[in-house]
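Engineer: Got a sequence here, can you model it:
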Amino acid sequence: MFKLNGNLGLCGAHRTGKTTLAIALASRLNIPFVRTTTSQVFAQLGLDPAEPMDFKTRLFVQHHVLVAAEQVWQNSETPFISDRTPIDMIAYTLGDIQGKTEVEADLLNQYIDRCFTSTNQFFQNLAIIQPGIPLIYEEGKAALNAAYIEHINVLVIGLCSDSRLKAKVFCNTREAIALDMRISNILESVTLSPDQNHDSCTKQPQNFP
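Structural biologist: Numbering: from 1, shown residues only. Model (predicted):
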């Protein structure tokens, strides 16, 4: 019988099926699925996640997203599965930075450090869910821009190799699109007993898809 050692966070770009997968995994493991409230945060702030925003606004929004998520995770039973992690939040923050973007470096670094601290506090396991499923428009969701989704995906993979991250990381392959295959891959990779070997796409680079 599969058993999860600690909390599991699914990380990756938007529109990759993380929520659907998280619900299915929670059902299979008989543990709570903890839904984050990113869309609600945008709505409460009167902003559209599909519209461009300056970096100061992005950092403001991401701070509120992190606070809202931490409150949900803090009040949840453990172990649990969540469809978003602070790693995603860093990726979306960095994703808005271009060559001429005005950035207050100290504020950005403080936010990134806080996100790593939060990830280490709430998650012992991370699974990167890569792009591949068909993109379907949904009102209130982030833009269906395949290049932007790919950009976020690459940022997430890079962040998951950062030495500040203490969680065990599994990276699902791009070929794993079918829900059953995704479930099987993750269960086999993040529910191993402590004395079993664990292959990670970030800890062992040869496993990068």
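
Engineer: Which positions in stretch 147-158 come out as buried?
Structural biologist: 148, 149, 151, 152, 153, 155, 156, 157 (16 or more other C-beta atoms under 10 Å). In this view, the C-beta of every residue, glycine as well, is placed from N, C-alpha and C.

Engineer: Which residues does that stretch contact?
Structural biologist: If you take C-beta atoms under 8 Å, 6 or more residues apart in numbering as the criterion, stretch 147-158 is touched by 11-16, 87-88, 90-92, 94-95, 128, 130-131, 135, 171, 201-202, 208.

Engineer: Does the helix of greatest length in the chain pack against any helices or strands, and if so which?
Structural biologist: Of all the elements of type helix in the chain, the one with the most residues (DSSP state H) is helix 55-74. If you count contacts as 3 or more C-beta pairs under 8 Å, 6 or more residues apart in numbering; DSSP states H and E, helix 55-74 packs onto helix 38-44, strand 81-82, helix 86-95, helix 105-122.

Engineer: tally of neighbours for the nearest residue to residue 79 once chain neighbours are set aside?
Structural biologist: Distance criterion C-beta to C-beta, 6 or more residues apart in numbering; nearest residue to residue 79, sequence neighbours excluded, is residue 4 at 4.8 Å. For residue 4, the tally of surrounding residues (other C-beta atoms under 10 Å) stands at 21.

Engineer: so who does residue 4 touch?
Structural biologist: Contacts of residue 4 (C-beta under 8 Å, 6+ apart): 29, 31, 79, 81, 125, 190, 191.

Engineer: By neighbour count, which of the residues you listed wins?
Structural biologist: Of these, residue 81 is surrounded by the most neighbours, 29 neighbours in total, counting by other C-beta under 10 Å.

Engineer: beta partners of that residue?
Structural biologist: residue 8, residue 33 (DSSP bridges).

Engineer: I'd guessed it sits against residue 8; true?
Structural biologist: Yes: between residue 81 and residue 8 a contact is recorded at 4.8 Å, counting by C-beta atoms under 8 Å.

Engineer: Could you tell me which residues touch both of these two?
Structural biologist: residue 25.

Engineer: need the least confident one among the helices and strands packed on helix 55-74, by mean pLDDT.
Structural biologist: Mean pLDDT values for those show the minimum at helix 38-44, a mean of 85.

Engineer: This completes my enquiry, with thanks.
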